[in-house]
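In: how would this look folded up:
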Amino acid sequence: VCVCVCVARARSLMWVLHFQLRVQRAKNAATVKTIEEAELKRVQAASDAVRKEQELSAQRLRDKLDHTRKERQEEYIRGRTLQFNSFKKAAAVTMDMQTQAAAAIERLRDQHDATRALERRLERVS
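Out: Residues are numbered from 1 along each chain as shown. Below is the predicted model:
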């Protein structure tokens, strides 16, 4: 009788231990799952932060490129404007010189005509 009772108690104790192990395994699995979910959330948050930073960096780079392009364009326009203004001044000076040259030629022509007229009068008088 004693052996049967001991065997029954041992079996009962083994069943309780087995049940406790199953419960403990289930708790451990739930804990591991919770930890994995928390780690997944952390990794996703880090990934989102990196993605946002990359987007901001790309936007800053685009803004910098736009600013540089605008500066170069404005510098080009300023240079072309200065060049145009210098050509315009040169054209005005050239036109003024041509006007002065034409006036000088006209004066010389008038003097030549006047001289020729005087020479003719001298020939008639002589």
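In: the helix or strand hosting Ala26: how far from the chain's middle?
Out: For Ala26, the element it lies in under DSSP states H and E is helix 2-125. Here the centre of helix 2-125 is set off from its chain's centre by 0 Å, with CA atoms, centre = their mean, to the nearest Å.
In: show me what it is packed up against.
Out: Applying 3 or more CB pairs under 8 Å, 6 or more residues apart in numbering; DSSP states H and E, we find helix 2-125 packed against no helix or strand. C-beta: built from backbone N, CA, C; applies to glycine.
In: what residues sit buried inside stretch 100-108?
Out: Counting neighbours by 16 or more other CB atoms under 10 Å, one finds that stretch 100-108 has no buried residues.
In: and the pLDDT for Asp63?
Out: If you check Asp63, the pLDDT there is 98.
In: and it, how far from Glu75?
Out: When distance is defined by CB to CB, to the nearest Å, Asp63 is 19 Å away from Glu75.
In: could you do Arg9 as well?
Out: For Arg9, the distance to Glu75 (CB to CB) stands at 97 Å.
In: cool, and Val43?
Out: Val43 sits 47 Å away from Glu75, going by CB to CB.
In: alpha carbons of stretch 110-124, as PDB, please.
Out: The C-alpha coordinates for stretch 110-124 follow below in PDB (Å, rounded to 0.1, in the frame of the first residue of the first chain):
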ATOM      1  CA  ASP A 110      34.000 123.200 -97.100                       C
ATOM      2  CA  GLN A 111      37.500 124.600 -96.600                       C
ATOM      3  CA  HIS A 112      38.700 122.700 -99.800                       C
ATOM      4  CA  ASP A 113      35.700 124.100-101.700                       C
ATOM      5  CA  ALA A 114      36.400 127.600-100.400                       C
ATOM      6  CA  THR A 115      40.100 127.200-101.300                       C
ATOM      7  CA  ARG A 116      39.200 126.000-104.800                       C
ATOM      8  CA  ALA A 117      36.800 128.900-105.200                       C
ATOM      9  CA  LEU A 118      39.600 131.300-104.200                       C
ATOM     10  CA  GLU A 119      42.000 129.700-106.500                       C
ATOM     11  CA  ARG A 120      39.600 130.100-109.400                       C
ATOM     12  CA  ARG A 121      39.100 133.800-108.600                       C
ATOM     13  CA  LEU A 122      42.800 134.200-108.500                       C
ATOM     14  CA  GLU A 123      43.200 132.600-111.900                       C
ATOM     15  CA  ARG A 124      40.500 134.900-113.300                       C
END
